[in-house]
Structure formats: C-alpha cells, structure tokens
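A.B. asks: model the structure of this input:
(2 chains)
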There are 2 protein chains.
Amino acid sequence: MAKNFSTREDNYSQWYNDLVIKADLAEYSAVRGCMVIKPYGFAIWEKMQSVLDGMFKATGHSNAYFPLFIPKSFFSREASHVEGFAKECAVVTHYRLKNSPDGKGIVVDEDARLEEEYIVRPTSETIIWDTYRNWIQSYRDLPILVNQWANVVRWEMRTRLFLRTTEFLWQEGHTAHATREEAIAETEQMLGIYADFAQNWMAMPVLQGVKSPNERFAGAEETYCIEALMQDGKALQAGTSHFLGQNFAKAFDVKFLNRENKLDYVWASSWGVSTRLMGALVMTHSDDHGLVLPPKLAPIQVVIVPIYKKEEELQSINAVVLPMKQALEKEGVRVKYDDRDTFTPGFKFAEHEFRGVPLRLAIGPRDLQNGTIEVARRDTLEKETYQMTDIGIKVRHLLESIQSNLFNKALTFRDDNTRYANSWDEFVKLLDEKGGFICAHWDGTAETEQKIKDETKATIRVIPLDQKPEPGKCIYSGAPSTARVVFARAY
Amino acid sequence: MAKNFSTREDNYSQWYNDLVIKADLAEYSAVRGCMVIKPYGFAIWEKMQSVLDGMFKATGHSNAYFPLFIPKSFFSREASHVEGFAKECAVVTHYRLKNSPDGKGIVVDEDARLEEEYIVRPTSETIIWDTYRNWIQSYRDLPILVNQWANVVRWEMRTRLFLRTTEFLWQEGHTAHATREEAIAETEQMLGIYADFAQNWMAMPVLQGVKSPNERFAGAEETYCIEALMQDGKALQAGTSHFLGQNFAKAFDVKFLNRENKLDYVWASSWGVSTRLMGALVMTHSDDHGLVLPPKLAPIQVVIVPIYKKEEELQSINAVVLPMKQALEKEGVRVKYDDRDTFTPGFKFAEHEFRGVPLRLAIGPRDLQNGTIEVARRDTLEKETYQMTDIGIKVRHLLESIQSNLFNKALTFRDDNTRYANSWDEFVKLLDEKGGFICAHWDGTAETEQKIKDETKATIRVIPLDQKPEPGKCIYSGAPSTARVVFARAY
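C.D. replies: Numbering: from 1, shown residues only, chains lettered A, B, ... in the order given. This is a model prediction of the structure:
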C-alpha cells in the first residue's frame, strides 16, 4: 500500500502527489490537466458539498443552474474581468464533426462554425448578470441569493491534482442587493461561513481578511479570503468572497427602482470554494504514513477488523461486531466492517491507515474472552485496549477528540510558523530558511508588492480583518505603514 | 400570475412552455438552446437527485467524476457510438483568446490551436472506459459500480425547455462486470430503480421494456427503457439502461483475469436519467390552472396563508400557525408560512396554485373562533374546512392521498389511451385521431419499423418486458409476429 511513497521531508510535492493517487482520491485523465475524481475522493467532496450546501441554505440561499457556455463578447463587457479570465480558456468554435474524407476517423466540419465563439465558463458572473437583468425590476425583487454547484475550466499551464486543474468542481454564489451595505454584509457573511467550515469541519485554521489590490478578483472592488498554511510552509487560498460593487450591473445594464422610486444599478457579491479544498485537506493533516482525515469529513469514520483463524471464530466475532456496528450507525457514526476474507488483518490495517480512516477497531478471540477491543487512532497512531462496555460513547468521544486534536495540531503548526520581519534582510532570510506566514509592514502600493513578488515569489496573502493598527516602515521601501500584512509563498 | 397562459386544449405546446417559464422553473439563456434552471425548478431537480442518489447508494453504487472534455479520437473507437454521438456536438479547438488587433474586443488566438480537438461530453462511455482500463486487472477488481452527476452537451437543432436542450444535467451510471449475466442483471436492476422512482416519487406510471434495434443506444447490445404517456397523447422516454456487452471494453482494451485465470474483456452497463424528467413531471400532472406537483417532490408541500385585516388579527393567527408549522416540520413536512404583507391573500392563493403547491391552508379570525382551518387541495381544487384538532395527521394523510390520487389519475389516463390496432388503417386512424400508446403486431424488422416511422412519425417506444406471447400479423407487412409492441409518436 504505502510502498513507493515519498516522505514529506524527502520530497513534499511528490509526497502529495503519491498520496492523492495511491489513496484513491484522484488521478490524471487522458485529457490534458483534467482529473478523474475517484469514488473515495469524491465521497469526501460530497461530504464537503453537503455541509456547505446546508450552511448556504440556512442563510437563505437557493441553488440554480446557468449555462456552461458563455458568448465570447460577454467577457469584453467588464474591462478588468476580460483581462483576468477570458484569455486562457477553452474555446468552442464548431458544433459538428463529420467523417474524414480519407475514411479515417472524424474531423471538424468547417461548415459548422459558430458565428460567435463560446467560452467554457471559467466563472459565471457575466452569464448570470446577463440573466439577472430580466429578474430584477424593483427593490422588491431583491435580494437574489443564488448559488450554483458546477464545473469550470481554466486553461492552466502547470497543473496539480486538486490544487490547480484545467477543469475543477466548485460552487459559485452570486447575489444581488439593493444597497452597498447589504452586498458588503453578504460578502462578509459568506467569508464567515467559509472560515467556519474550514475550521470546524476541515479542522484547518485559517486567517480571514482582504486581498491587496494586486490579488483581487478581476472585477471586484474588494476580495475577502480565507488563507491556510500547509505543512511545507506555503500558503493556500482556500476560499474567496468578492464585493463586486455595481461593476457587473453596469456592464450588463441591471437597474432597479429603489425605495425612493429612483433607478439605480444593483449591488453584487460572488463567492466560491472548489475541489482545491481537497488538496488543502490532504496537505493540512496527512503524514508519512498516508492520509489523515478529520472525522467530520471522513467517508468511513470507524473501520472494524476481525482477527481470526477459524470460521467459528469469525462467527463469534460477528455476533459481537454486527450489533455494535448497527448501534454505532444508529448514532450517525459511519462504520465499515472489513470482513473481506481475501486479505490479512495486517494488509487491512495498512490500507485503512493509508486511507486516513480516523479510528480502527480490531477484535479477536482473546478480546471476546476478555470483553475488550483494540482501538487505534489514526492521528496519533496510538493503540489502546478498551472494555467493550459503552463502546459507542467511547468511540464518539474519540472521534471528537481526533477532530479537535487535528485542529489544535494544525493551529500550533501555523502559530509556530507565523513570524514577524522588521527589515528586508530579515524578511528574505525568514522566507528562504523557514517559509510560513511572515507579518511585515508594507507601504500599501501595488509597485512595492509587485517588486517583492518579483524578487522573492512571496505575495501578500491577506490583510487580516482583526489587525491592530501598528505604525511602522515598509520592509521594502521604508515608506510609512499603518499595520502589518501577511506575506508568504503560495500554492 | 396565470395571465397570458394557454390552456392545454388551445395549444398544448404553448401551455407547456408558458408553465415552465411562468412557474419559475426554467428559461432560455443567451446561449443557443441552453437553459437557466431557476431556483424553484432547481429545488425540484435537487429533490429528484437526492432520492435517486439514495437509491443508487442503497444498491452499492458510488459517485465519481470524469472529465468534461473527450479527445475526438475516442469516439472513433466504437463504430456505432461515433455515428450516434460524435456528430452534433460542441467542439473545443482553441485554448486561448487575445485582444483583437483593432482594439475592439477579443478574438481567438490562432497560435493556441489544440493538436487534437476536444468534444464536450455528450455521454461519457469513452472517457470512462479509457479510465477503467487502469482500474481493472482481475475479477477481484470487479464489479465497478460508479455513477456521475454531470452536465452534458448535444447540439440539438430544435430545443424545448427540459425536454431537449443543448446542455442538460443528468446522471450516468457506468458499471463493469466479470460476466455477461451480472452486467445484464445490473442493467435490469437499474431499470427497476428508474421505474420505482417514476411511479412512487413522480407519480408517473411507466411501461418497462426494451427498445427495438433502431432505437437502441449507440454502442449497446440491448437498451431497456421506461416510457411514459403525456397528456397530449405523445410518449416520453423517461430513462434508459443499456447492456453494453463487451463493446467498450474491446474498443478501449479493458481486459481482466477471470476466475479461471484467463484473460477476457470486461462486461458493461450504462444508465441515465436527466433533467428531461422535469418536463415529464410537468406534463404528467399539470392542468390549465398551472403546475401540479406530487407531494413527495414538491419543494413546498404545504403553504399557510393568514387572512387578516388588522395587525392584532395577524398576531392571533401567528400564535396558532407558528407552533403548527413547527410541529409539521418536525414530522418532515415542507411548510411555508406566507405572511408577506405586500400581497393580498387572493394573489397568494393564485401564485401557490400556479406553482403547484399540493396543499394550501388558510386561516382567519373566524377560524380562530371556531378552531377551524380551510384546506385546499391542488390536485382536485377542492376546499374543505377542517377542525384544527390533529391537523398534523390530517395534513399527512392528505399529502399521501394527493400523491396516490395523482398516480391513479395518470394511470387511468394512460389506460384510457392505450389501444390495440389490428390493421394498418386502424393504426393510422388511431394515431391521428386519438394518439396515445398503440399496441400492434410488428414483423421484427428494422425496415418495417423505419417505413412506419417515415409514414406516420410513430416509433416503437417499447417492447414490454411482461408481454404475453400472442401470434399475429404485422400491421404493416402482414408478416407473422409473435407479440405486440407499443407504438406512439414521441417527444
């Protein structure tokens, strides 16, 4: 199972790739940069979807579906949006193939050329705001709180499973409001939901804040984000929520009669998280033994392995395990009884460990005599023998303990790897020797930000929302600064 | 609400279109033949998805995700598949746009032409079997029972909302088996699940059977289907399940070591239902007053409308309604309390009737005095005044009654519109004057089937599975036949 598997120390990037492929999360397909999400990986994504979807609905959002294709001209309508999105994309130019004249295979039918090319959506602001124009006449039609779960395509040059693929799955919320304040409140609310999900479900601590102008979404007035730190000291943007002002309403002429009976442009937000979260989840918790999954998102939370030689022994074990499994399932625990007779217990132990199952229970003839069961935690790799009495309660406590332990471990790691730099030399040294988040003063200009990026590959990941004012001097230009921002090299 | 709304009698096709648009289910987008599924329509589709997904999982299937794009050459590998699918499709030829030299908008960058064009998936057998080749070595790796929820694109010339759109949403199951028998058993099992869903959730009676060779899926050895009858007497294919034999395994070289340690090609099935079911649902039950939804799939099962003039009256009504709503929700009933103060009760009645809410409860000051509530059923349009006592039980009984009434009504309609033709003249007359399903003898040849289609536009919808042998003569050729098949004009 874990053979030919790199360690983090040896080659972090290879470790990640091995893990994703060998733990059956995803693999590359025959299509350049596009992945196949395998059943085990998809089960985790489905769990993420279902939790997020519940959070969106609890805050009044509904799902809808908009076209995959976007007319090319739509992108030209929002000036910065076209620069950000319409260039590296999949372009549909024809709508028919025909048999090749030489009889070998099929070729594009040049008679079936589209008058206007379609772009496979890289994000849907344009087609959605073109639609909203017909949905909105007055303030009574607002707010519109819509989300869509969809696939999107961005023609990436360098791809990595989950982290950056040509096609990926995501959700994109697109809301319309009567006032600037409401739109900003929505943008901030969704950031809060993403942070809640990251921390309380993925057990992944995140910084919340806004992006610098250079890192803003193309077409946004303000981009809020959650930012996590991976085990190699690189940052990962895990979700974004954009206040779009009236930019898309102006580009697509979406006006409404406000309460004062005056025509005004509609205010907008958009927000999204994607299958990139799968990469973040893997990199936050996993170790050199394989995947580590937080119980709340693990497709299998508990695996039970019977240890036996004779068929009668299995029968006796079944008599104990089957009711226990049923009782656990009744309490909402996701349990698998691995009674496959084609594999040894040792093989099964290794397999489930590698695939990150949070708790493994093993039970053999001696346990039956003693009324005990062996319990192994994936997070600490500790094994302990428990009395079977109240095993359901014990299991639930252990799952809760693993969930909070994973979060605390990741939080400690992040705290240990968040440092302050007060000079350029210190900044460069920290970046090269330690990585991690570096809090430093910045003069607030795009020029300085770009120069720092050019020289070090570090970018401003986030300007934290809870930042305390602290006068200082920009580490690069020496110009005055009012607060520190968080730099890092990033995925 | 229901203004400018055609009746079924006047113009069935217009009635359908009006209904879908005015009940906020879906609308056309700026992209040719592609629809926007609006929140109310999507809520119904989500409900369908969740029920079907549960049924798939209960029978051992897992979800996964495969690429949107398929290399053009993949389609050429399965001879009949390329004819059926690869012609009218969206072709991606380029991966970049650039600023137009004249500064006006953006154009395709001819330097970014793909070496091999990609087709936006019209169905995924080819890319999935290309993937399965690496997943399957021995019989131990089988069966593979995978489903994907996805969008697909078929470049349709004539489109109708939900029934035939360029892009649509669907699920496609793709399974791999060690034996022919297992693959056939799977194909039949999934047909049974579709029939169960259609009848017990959509309240839509369906015929189950196989397609004639002419109507088979491109690449299948046998296509099973469920076939429903719409109110205008036209048939609608609601779901298909295909036994693919070893066709795709051969095309993509997917072999396995069987139990006898011999190399053999893998056996396959594929099966799917799509957003077309939304069209079927609308057309099966709705009437000239608007949408009629079966309670099991209705996003809102019960709407409660307060009737009041003064604010104090509303307060008294709230005091009764809010606990009742909570109690109903606790029992799993989907309830909306429509206490909007911007609309009259009459407007609300019309709106919820038009949108097909199964039960409407109305309560005013006199009801409060009498301990009563007015209950209106959407299916029969009957109104009755009930005592509030045990209203929860009454509501649940009513919902069950509406669900079964809708099914029975549709079944009676289908029975009334299923007729036997014993001669060509009778067949043509029935078809033109009555429509509906026509059971008739057919000589079993593709030629006759094609001629009947050319002359009447009727096709063989299904060769029923539970057909009794009955010797007879083909209505067209007079050649001998062993059993009747079901003809109809179809969507």
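A.B. asks: how about the helices in the stretch 201-350 of chain A?
C.D. replies: For the stretch 201-350 of chain A, the helices defined by DSSP state H, counting those that start in this stretch cover A:247-251, A:276-285, A:311-330, A:345-354.
A.B. asks: got the CA coordinates for the shortest one in CSV?
C.D. replies: Spelled out, it's helix A:247-251. Output of helix A:247-251 as CSV, limited to C-alpha atoms (Å, rounded to 0.1, in the frame of the first residue of the first chain):
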residue,chain,number,x,y,z
ASN,A,247,-19.4,46.7,-11.8
PHE,A,248,-21.4,43.8,-13.3
ALA,A,249,-24.7,45.6,-13.0
LYS,A,250,-23.2,48.4,-15.1
ALA,A,251,-21.6,46.0,-17.6
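A.B. asks: for chain B, what's the nearest residue on the stretch 201-350 of chain A?
C.D. replies: The minimum distance from the stretch 201-350 of chain A to chain B, using CB to the nearest CB, falls at A:T342 (6.8 Å). Using the backbone N, CA and C atoms, a C-beta is placed for each residue, glycine as well.
A.B. asks: before we move on, what about the stretch 151-300 of chain A?
C.D. replies: Counting by CB to the nearest CB, the stretch 151-300 of chain A gets nearest chain B through A:W155, at 4.4 Å.
A.B. asks: burial check on that residue, number of neighbours?
C.D. replies: A:W155: 21 surrounding residues under other CB atoms under 10 Å in any protein chain shown.
A.B. asks: wait, it touches A:E88, no?
C.D. replies: Yes - contact criterion CB atoms under 8 Å: A:W155 and A:E88 qualify, at 4.1 Å.
A.B. asks: export the helices of the stretch 201-350 of chain A to JSON lines and tack on mean neighbour count?
C.D. replies: JSON lines is the format used below for the helices of the stretch 201-350 of chain A (neighbours: other CB atoms under 10 Å in any protein chain shown):
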{"stretch": "helix A:247-251", "mean neighbour count": "22"}
{"stretch": "helix A:276-285", "mean neighbour count": "25"}
{"stretch": "helix A:311-330", "mean neighbour count": "14"}
{"stretch": "helix A:345-354", "mean neighbour count": "17"}
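A.B. asks: how about a markdown table for the ones you listed, with distance to chain B and mean pLDDT added?
C.D. replies: Shown next, in a markdown table, are these (distance: least, CB to the nearest CB, whole Å; pLDDT from 0 to 100):
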| stretch | distance to chain B | mean pLDDT |
| --- | --- | --- |
| helix A:247-251 | 13 | 96 |
| helix A:276-285 | 11 | 98 |
| helix A:311-330 | 14 | 96 |
| helix A:345-354 | 13 | 97 |
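A.B. asks: for A:R158, give its distance to B:E116.
C.D. replies: 21 Å (CB to CB, to the nearest Å).
A.B. asks: give me the more crowded residue out of these two.
C.D. replies: Legend: neighbour count by other CB under 10 Å for A:R158 and B:E116, higher for B:E116 (11 against 7).
A.B. asks: which residues does that one contact?
C.D. replies: B:E116 makes contacts with B:71-73, as judged by CB atoms under 8 Å, 6 or more residues apart in numbering or on different chains.
A.B. asks: residues touching the closest residue in space to A:T179 that isn't next to it in sequence, list them.
C.D. replies: Nearest non-adjacent residue to A:T179, counting by CB to CB, 6 or more residues apart in numbering or on different chains: A:W267, 6.2 Å away. Residues in contact with A:W267 (CB under 8 Å, 6+ apart) are A:176-180, A:182-183, A:244-246, A:249.
A.B. asks: quick one: find the helix or strand in chain A with the lowest mean pLDDT.
C.D. replies: When each helix and strand of chain A is scored by mean pLDDT, DSSP states H and E, helix A:79-85 comes last, with a mean of 74.
A.B. asks: restricting to C-alpha, output that one in CSV.
C.D. replies: Output of helix A:79-85 as CSV, limited to C-alpha atoms (Å, rounded to 0.1, in the frame of the first residue of the first chain):
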residue,chain,number,x,y,z
ALA,A,79,-12.9,45.6,-18.5
SER,A,80,-10.8,44.0,-15.8
HIS,A,81,-12.8,40.8,-15.9
VAL,A,82,-11.7,40.1,-19.5
GLU,A,83,-8.1,40.5,-18.6
GLY,A,84,-8.4,38.2,-15.7
PHE,A,85,-10.4,35.4,-17.1
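A.B. asks: what touches both of A:W155 and A:E88?
C.D. replies: B:95-96.
A.B. asks: distance between the ends of stretch A:361-373?
C.D. replies: By CA to CA, to the nearest Å, the extent of stretch A:361-373 from end to end equals 7 Å.
A.B. asks: buried residues, it. List them.
C.D. replies: Residues of stretch A:361-373 classed as buried by neighbour count (16 or more other CB atoms under 10 Å in any protein chain shown): A:361-365, A:367-368, A:372-373.
A.B. asks: now do the buried residues in the lengthiest helix in chain A.
C.D. replies: If you go by DSSP state H, chain A has its longest helix at helix A:391-416. For helix A:391-416, burial by neighbour count (16+ other CB under 10 Å) applies to A:391, A:394-396, A:398-399, A:402-403, A:405-407, A:409-410, A:413-414.
A.B. asks: which pLDDT value belongs to A:Y40?
C.D. replies: We have a pLDDT of 98 for A:Y40.
A.B. asks: just the element for it, please.
C.D. replies: According to DSSP states H and E, A:Y40 maps onto helix A:39-58.
A.B. asks: packing partners for that helix?
C.D. replies: If you count contacts as 3 or more CB pairs under 8 Å, 6 or more residues apart in numbering or on different chains; DSSP states H and E, helix A:39-58 packs onto strand A:144-153, strand A:167-177, helix A:180-200, helix A:276-285, strand B:62-63.
A.B. asks: got the angle between it and strand A:144-153?
C.D. replies: Following axes from the mean of the first three to the mean of the last three CA atoms, to 10 degrees, one obtains 160 degrees for the angle between helix A:39-58 and strand A:144-153.
A.B. asks: and helix A:39-58 with strand A:167-177, angle?
C.D. replies: Per the same axes, to 10 degrees, the angle that helix A:39-58 makes with strand A:167-177 is 0 degrees.
A.B. asks: list the buried residues in helix A:39-58.
C.D. replies: Neighbour counts using 16+ other CB under 10 Å place A:39-49, A:51-53, A:55-56 of helix A:39-58 among the buried residues.
A.B. asks: for A:E351, give its distance to A:L297.
C.D. replies: 19 Å.
A.B. asks: list the contacts for the closest residue to A:C439 other than its chain neighbours?
C.D. replies: With sequence-adjacent residues excluded and distances taken as CB to CB, 6+ apart, A:C439 is closest to A:R484, at 4.3 Å. For A:R484, the contact set (CB under 8 Å, 6+ apart) comprises A:420, A:439-442, A:467, A:470, A:472.
A.B. asks: next one: A:K409
C.D. replies: By CB under 8 Å, 6+ apart, A:K409 lies in contact with A:285, A:379.
A.B. asks: how much space between it and B:T131?
C.D. replies: To B:T131, A:K409 is 35 Å away according to CB to CB.
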